[in-house]
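Chemist: this one's sequence-less:
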Ligand SMILES: Nc1ncnc2c1ncn2[C@@H]1O[C@H](COP(=O)(O)OP(=O)(O)OP(=O)(O)O)[C@@H](O)[C@H]1O
Ligand SMILES: Nc1ncnc2c1ncn2[C@@H]1O[C@H](COP(=O)(O)OP(=O)(O)OP(=O)(O)O)[C@@H](O)[C@H]1O
Ligand SMILES: CC(C)C[C@H](N)C(=O)O
Ligand SMILES: [Mg+2]
Ligand SMILES: [Mg+2]
């Protein structure tokens, strides 16, 4: 029983890291533009397909596939922002939300048209290995995912908190006009934000493609939702929060399965999410929107 | 309600007219279950091409295809459109049981024949005299499969996995689990997943603990493949057994080695074909650049051919007339097997094909003949 | 004349005759239109009823919810159980559907409405998932297999009459003390409570009414499709309804009407595009939002619209001193 | 240094400025006064590029560069992005403070020096702390929780960090305690002496006129009076309508 | 009789004591001003009175009823309304609607009335509209009634806040820097308005940095510094109080240091 629990813990951590990985870029864009970027999931999907196509065509190695997918989604993200979001910057957040939904419908049906609706497997880009530690196992995929998520979180957090560009990003998120008056090139900062965020989505797409061995035109929806949930649970815009949120949701799902409630697995995760929010209404790491009156 | 007027009787174009006979296609071309719809459509197009060589009652057959994206409200709109606007005489129904039920009841009230080339669940033909299907029923095939697995293979310790948000899987699991008990096996653990899940590590960890002889999974092939990948990864040796939901080349494309040896049943196999089937397979390969037809393509083809035959036999393209000739079909030699309709209009298809994944392909394991009562 | 029109009883009579007229007109349409068109019209009506409810919550009161489909499903199942298992008449079933959904709206409203903005959005989304999973695992709903054998009792005239009734109710509500309080909450919660508005109360009110509408819509939906499954009420359904509200114009009733028409009809109109249909649909959403950032009729108020359109002699307006 | 010619600005259908022309020469302090809603803030927001003139004949010229308008002998309508204007040395303290509420006081000040290459030196901070010792006490406090006046100090300090050549101030003394109001005006004078040109919008017309060289009076979007500040301060009409006497 | 009284009120934000054992009485019908340096805790006092913050220690009572734990919206019912230092209007609503909403707590119509539109509800609406227009006229905003609030200029928005507060028929009106952003002339007008409001029987409690206005209209002044009350009295007394001069008023004599060219 005990090793079972340890094993489930590893399972939960690995799954949670995937969610965290998807949520990192999401929370960043989300925190800075203040919009629910619904197309994020589709960018993730696009990245996964880009990685797949690269991996299939040229017998390239993991790194090339990863890098290529990242670059492609970076461009995609910036283009989407310019076309579909920028004109809506001054209008209601919800207008941008609907525009994002339009983009996401477009992208997924585009992919159905181009690549067909069925799920595709992923070629092995590197050999999976299994390590037995005591009574439980951990695969090299899991180690990579957990490691990459952790490193990216750290890097991104440092970047946003301490770099000049990062500070400009936060300024844009809090008061765009004032940011302009400080000499921030808001368009550029937003493009950078989208580029980084979307690139992360693309990389996450490839990694989760490798990990789950499945790529599908509609995979973005669920991924986007999980990322949204993780980002909010962790506190909107908080990068360590996204990591914690992702891990918590992953662990909650596996916990649901472990206690024989697998048919309620998603409900389980969302119940925990709602409960946490009731006690911490702005997420685990979220700063209370403490605007003084 | 106050708005319930008797449905206006459709006035199909006069029998002697040379206008094409219109057949509607209802199914998903986009959305999650698009793959089933698209393959059905391929089979249909084969049939159309063939029928139009000679025509039916001297008329051409024309297909009106619409995409319901797997959504019920769209399916309703389409069914209405096909009947009232396109004036089709028959609809080749959606491959899934759920939508067939909804579309079936509309078609039935509007007196248009609907025949599903994929629905295997319950409560379909009961809707009324215009509703048909040409599929291998789960209630027949699943017990036959379990009998083989438990009695011939002697795999008694079963782990059962159900996709909880998939109606097909939920009903099929019930049939499987009854059949397991009836044949002397035991459901050692029952686990649940959901369609579109990609992580099964939690369930597999639990399943490993009971060390099953076989994993029975009642859902679709994508999840099936991913489950088996995970199972092999943690060292489970048992093979997977499932229903026609596992039919799809993607099972092997995604699952690779992990699904080797998996067993499933289907109303069709391209192996050991009858001459009729062989002809179909060759034509299909020629048309769709060497792709092998699958269950849905074959059943779609048969569905349209059945309708065409009924129209010919009735010498009328009026649904009211040819539905009875259709219902009277016995021992029709289809490409997907021999099809007979019982008095209840429920089809009996023989044989049940048990297929095993071998070398990355579905290979015929056994043909289990079914007696018509 | 003016005085007469200002009399309450006269207004009630006028209103009832308008409803009657609607029903009668819809009946005529029902008799002459082909079922396909009629069915699209019917779904427009159902979507409109649900969207009006969401408009009250999100457009008027400013609370973003992403779980409207949950209330729809509650109404659908409740009414189906009422009419199938308990043999209650259809319209009573519809009412029960609305009522149950409204009650659930109140119950979950209390805790969740403490949340704001996107935190509320994700909580409602989560709530909807929980509801869906619950229905998937319940006996009485027959789980994923679905609830069979519902009578196809929904007709075009019924839907149209209920839709018109809903529109009227929403217009009245918006132009009342309650409606203003809800608008105030959307604009600034702190200032609202400082002028004495019990923000929780009005949020819950909006939530309950919105959920009621969704429940009614769900009930009508169930009695249209005759067969319902939990998958019919997924996240994308919530998004569909939200799109109607935003694309039409947040907070605008005429906008919601246009939104319901456009977004329900568009997938049907786009059918000839076949494989490119959904791509075009997605692009359409983007294009409309870009060219009408506040929605098709954003900021248009029904009364103004009507007045402007036909220069109505201000009969219902009398008393609003100018 | 700064020149506006015939500037029209509208908010949707509402016209807020009707063909304004004004000029600020290097080294000057120029005051812009007017009643509520006259269009003072609109003018400043146009200068810093946050608003665009409605009319292509309008010209806004800063240091010989066109912020808006068509250069003589050319046909191209130029329209400079706000950040470029800032990089050219303009700094704008907006009405209503607009501090970054979730950033600390320190980070807010850092943002002030954003347009500069590299990190600002300690001496830049010290200059700000010298004027506003309260900010030094609160460098780690999140600006959104500061009192109104403290936020005004942040807004002002932020602008000082930029060491601009032209500083435009929209009611910098609003919400400040009397002592600090004086301090603000002293600061304005000091930085002016140190070489910064200043365009000042102030409701405290007494003090504004006292420290300025010249002033413009704006009424419902039109400039109705201009001249040396001391003369305007003696003008009867002005004394009545703007000085409350 | 004292209408509002603060007894040993303290509030801390983390390590910062924003208001420190404050005792203060506001008498029925008076104009009382609260002044003090920036960050002294004046706005916080208003936030405490209106229950936006709860005091860490001490208690506040109004009309002899303790205010502890009473939610903000009930405070308005009891007769306390306020304006905000940072303007908080319902910015996308019309000026008239803003004012009407101010009258919310004096209305009775509920959901039932909204949906039945009974004559009583209409009467209430008509009355509210009349009252609101009166308030707008009083603050010289009647011509802007159909404008969206966010389109008003700063000074107009300040007056709109006062109009909104007035429609609720308060017993006491808390004004947080009402004159900020107004020019001297407008301040004179405002001063007159405040007096007239007081003359209708409404007690005024005022926070303001404009000494001319404060000294002119207030009957009593309390001075806060670092959350502590350092002086209280009539304008004359306060003006000459040394601590006040040192902490807040300064010399009051601005001397331009610049030699003008
Ligand atoms: N965002 C806006 N939308 C529409 N109209 C606006 C907007 N901002 C200002 N206005 C209008 O433009 C005019 C000028 O406003 P502006 O803010 O420039 O005045 P101001 O002189 O700065 O006044 P104040 O002293 O009150 O700050 C006013 O009539 C105002 O109502
Ligand atoms: N929510 C809060 N969190 C942390 N500190 C706060 C909070 N609210 C107020 N403060 C601090 O409390 C002190 C008093 O603030 P308050 O707003 O009451 O000052 P004030 O007297 O109104 O000043 P001003 O005249 O500048 O408006 C300030 O130093 C402020 O930074
Ligand atoms: C596509 C098939 C797997 C569908 C399944 N046979 C059903 O009845 O729903
Ligand atoms: Mg201004
Ligand atoms: Mg204050």
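Modeler: Received, thanks. Owing to the predicted nature of the structure, the values given are computational and were not obtained by experimental measurement. Ligands and ions are numbered 1, 2, ... in the order given.
Chemist: where does the stretch 51-200 of chain E have low pLDDT?
Modeler: The stretch 51-200 of chain E contains no residues with pLDDT under 70.
Chemist: how far out from the middle of the chain is the strand or helix carrying residue B:216?
Modeler: Element membership for residue B:216 (DSSP states H and E) is strand B:214-217. Put simply, strand B:214-217 sits 21 Å off its chain's centre (CA atoms, centre = their mean, to the nearest Å).
Chemist: Tell me which residues of it come out buried.
Modeler: For strand B:214-217, the neighbour count (16 or more other CB atoms under 10 Å in any protein chain shown) marks B:214, B:215, B:216, B:217 as buried. In this view, the C-beta of every residue, glycine as well, is placed from N, C-alpha and C.
Chemist: for stretch C:280-292, same thing?
Modeler: Going by 16+ other CB under 10 Å, stretch C:280-292 has these buried residues: C:280, C:281, C:282, C:283, C:284, C:285, C:286, C:288, C:289, C:290, C:292.
Chemist: do the same with stretch B:363-373
Modeler: Under the neighbour-count criterion of 16+ other CB under 10 Å, stretch B:363-373 has B:364, B:365, B:366, B:368, B:370 buried.
Chemist: Of the residues you listed, which is the nearest to ligand 3?
Modeler: Distance to ligand 3, by CB to the nearest ligand atom, is smallest for residue B:370 among these, at 17.1 Å.
Chemist: got a list of what the residue nearest to residue A:261 when sequence neighbours are not counted touches?
Modeler: Nearest-residue entry for residue A:261: residue A:268, 5.9 Å, with adjacent residues in sequence omitted and distances by CB to CB, 6 or more residues apart in numbering or on different chains. Residue A:268 sits next to A:252, A:253, A:255, A:256, A:261 when contact means CB atoms under 8 Å, 6 or more residues apart in numbering or on different chains.
Chemist: Tell me, how many residues neighbour residue 125?
Modeler: Here I'm looking at chain A. Other residues lying near residue A:125 total 19 when counted by other CB atoms under 10 Å in any protein chain shown.
Chemist: try again with chain E
Modeler: By other CB under 10 Å, neighbour count at residue E:125 equals 20.
Chemist: Centre-most residue in chain E?
Modeler: residue E:175 (1.8 Å; CA atoms, centre = their mean).
Chemist: the helices in chain D, which residues?
Modeler: D:40-47, D:82-87, D:105-112, D:122-131, D:133-137, D:148-161, D:178-193, D:205-211, D:229-234, D:236-241 (DSSP state H).
Chemist: Go through these and pick out the most buried.
Modeler: Ranked by mean neighbour count under mean count of other CB atoms under 10 Å in any protein chain shown, the helices of chain D are led by helix D:148-161, which reaches a mean of 26.
Chemist: Could you double-check that residue B:64 lies in contact with residue B:23?
Modeler: Yes. When contacts are counted by CB atoms under 8 Å, residue B:64 is listed as touching residue B:23 (7.1 Å).
Chemist: restrict the buried residues of stretch B:363-373 to contacts with chain E.
Modeler: Of the entries in the buried residues of stretch B:363-373, none also sits close to chain E under the rule CB under 8 Å from any CB of the partner chain.
Chemist: Show the contacting residues for the residue of the stretch 1-150 of chain C found nearest ligand 1.
Modeler: The stretch 1-150 of chain C approaches ligand 1 most closely through residue C:62 (20.0 Å), counting by CB to the nearest ligand atom. Going by CB under 8 Å, 6+ apart, residue C:62 touches C:185, C:186, C:187.
Chemist: Of those residues, which is the nearest to ligand 5?
Modeler: Closest approach to ligand 5 among the contacts of residue C:62 (CB to the ion): residue C:187, at 22.0 Å.
Chemist: neighbours around the closest one, how many?
Modeler: Residue C:187 has 21 neighbours, counted by other CB under 10 Å.
Chemist: among the buried residues of stretch C:280-292, which are in reach of chain D?
Modeler: Counting by CB under 8 Å from any CB, no member of those reaches chain D.
Chemist: Include pLDDT, secondary structure and distance to residue D:164 when you put the buried residues of stretch B:363-373 into a markdown table, please.
Modeler: Listed next are the buried residues of stretch B:363-373 as a markdown table, based on pLDDT from 0 to 100; DSSP: H, G, I helix; E, B strand; the rest coil; distance: CB to CB, whole Å:
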| residue | pLDDT | secondary structure | distance to residue D:164 |
| --- | --- | --- | --- |
| B:364 | 91 | strand | 83 |
| B:365 | 93 | strand | 83 |
| B:366 | 91 | strand | 87 |
| B:368 | 89 | strand | 88 |
| B:370 | 81 | coil | 89 |
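Chemist: Closest one to ligand 2 out of those residues, please.
Modeler: residue B:365 (72.6 Å).
Chemist: The residue nearest to the centre of chain E - that's part of a strand, no?
Modeler: Yes. Using DSSP: H, G, I helix; E, B strand; the rest coil, the assignment for residue E:175 is a strand.
Chemist: Strands of the stretch 201-322 of chain C, start to end?
Modeler: For the stretch 201-322 of chain C, strands defined by DSSP state E, counting those that start in this stretch do not occur.
Chemist: which residues in it form helices?
Modeler: Applying DSSP state H, counting those that start in this stretch to the stretch 201-322 of chain C gives helices spanning C:235-248, C:253-269, C:277-291, C:302-310.
Chemist: what's the most buried one of those helices?
Modeler: Comparing these by mean neighbour count (mean count of other CB under 10 Å), helix C:235-248 comes out on top with a mean of 26.
Chemist: how big is the angle separating that one from helix C:277-291?
Modeler: 40 degrees (axes from the mean of the first three to the mean of the last three CA atoms, to 10 degrees).
Chemist: orientation of helix C:235-248 relative to helix C:253-269 in degrees?
Modeler: Using the same axes, to 10 degrees: helix C:235-248 against helix C:253-269 is 120 degrees.
Chemist: picking up where we left off before, so in that sheet, which strands flank the strand holding residue B:216, and in what orientation?
Modeler: Pairing partners of strand B:214-217, with direction, according to DSSP bridges: strand B:157-163 (parallel), strand B:239-242 (parallel).
Chemist: Output those as JSON lines; include the columns distance to ligand 2 and mean pLDDT.
Modeler: Formatted as JSON lines, these follow (distance: least, CB to the nearest ligand atom, whole Å; pLDDT from 0 to 100):
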{"stretch": "strand B:157-163", "distance to ligand 2": "50", "mean pLDDT": "96"}
{"stretch": "strand B:239-242", "distance to ligand 2": "60", "mean pLDDT": "96"}
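Chemist: Save those strands as a markdown table, and put in distance to ligand 3 and mean neighbour count too.
Modeler: Shown next, in a markdown table, are the strands paired with strand B:214-217 (distance: least, CB to the nearest ligand atom, whole Å; neighbours: other CB atoms under 10 Å in any protein chain shown):
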| stretch | distance to ligand 3 | mean neighbour count |
| --- | --- | --- |
| strand B:157-163 | 11 | 24 |
| strand B:239-242 | 10 | 26 |
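Chemist: With distance to residue C:106 added, can I get those strands in CSV?
Modeler: Converted to CSV, the strands paired with strand B:214-217 look like this (distance: least, CB to CB, whole Å):
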stretch, distance to residue C:106
strand B:157-163, 34
strand B:239-242, 44
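Chemist: So which of those is nearest residue D:161?
Modeler: Taking CB to CB, strand B:157-163 is the member of the strands paired with strand B:214-217 nearest to residue D:161, at 60.4 Å.
Chemist: Just after that closest one, pick out the following helix or strand.
Modeler: Sequence-wise, the next helix or strand downstream of strand B:157-163 (DSSP H and E) is helix B:167-182.
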